[in-house]
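Visitor: Here is a sequence with its predicted model. Questions after.
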Amino acid sequence: MQYLLLIYRSDAEYGRMNADDRKALSAEYGVYTQSIIQSGHFKAGDGLQPVSTATTVRVRDGKTLTTDGPFAETREQLGGYYLVDAKDLDTALGLAARIPGAKTGSIEVRPVMIYDK
């Protein structure tokens, strides 16, 4: 089964990190990513630009409306994701707990929808 591990963090806190702290965090993510690649769980993953770069799209009455920024104001923003293949939810939760961002933010684990053909 595939699970999406959504990494939430505070853009403000990330912005206050100095270059050495960012480099150390990036190295932690590199080690984690290599570990899930080697274990066979990794399907895809990437970090995201800050929420200030987002554009939200809505269609209302047939008209497309765009708004700069995120859909909602929140303390933590979506900072990245991993798509993993795990035998069950417990395995996915174990993978999520090892993500470096879990120490300061939160990781949402969601099963990917399976569609009948």
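Guide: That came through, no problem.
Visitor: Most distant residue from the centre of this structure?
Guide: residue 61 (31.7 Å; CA atoms, centre = their mean).
Visitor: and that residue, how far is that from residue 26?
Guide: 44 Å (CB to CB, to the nearest Å). The C-beta positions use only the backbone N, C-alpha and C, and glycine is treated the same way.
Visitor: In the longest helix belonging to the chain, which residues are buried?
Guide: If you go by DSSP state H, the chain has its longest helix at helix 19-39. Residues of helix 19-39 classed as buried by neighbour count (16 or more other CB atoms under 10 Å): 25, 29, 32, 36.
Visitor: how about a markdown table for these, with pLDDT and distance to residue 49 added?
Guide: A markdown table is the format used below for the buried residues of helix 19-39 (pLDDT from 0 to 100; distance: CB to CB, whole Å):
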| residue | pLDDT | distance to residue 49 |
| --- | --- | --- |
| 25 | 94 | 16 |
| 29 | 96 | 15 |
| 32 | 97 | 20 |
| 36 | 98 | 23 |
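Visitor: can you list these in a markdown table and add distance to residue 3?
Guide: Shown next, in a markdown table, are the buried residues of helix 19-39 (distance: CB to CB, whole Å):
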| residue | distance to residue 3 |
| --- | --- |
| 25 | 23 |
| 29 | 18 |
| 32 | 15 |
| 36 | 12 |
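Visitor: And those residues, which is closest to residue 13?
Guide: The shortest approach to residue 13 among the buried residues of helix 19-39 belongs to residue 25, at 11.1 Å (CB to CB).
Visitor: who are the neighbours in contact with the closest one?
Guide: With contact taken as CB atoms under 8 Å, 6 or more residues apart in numbering, residue 25 is in contact with 17, 100.
Visitor: make it 10 Å
Guide: 9, 14, 17, 100, 101, 103, 104 (CB atoms under 10 Å, 6 or more residues apart in numbering).
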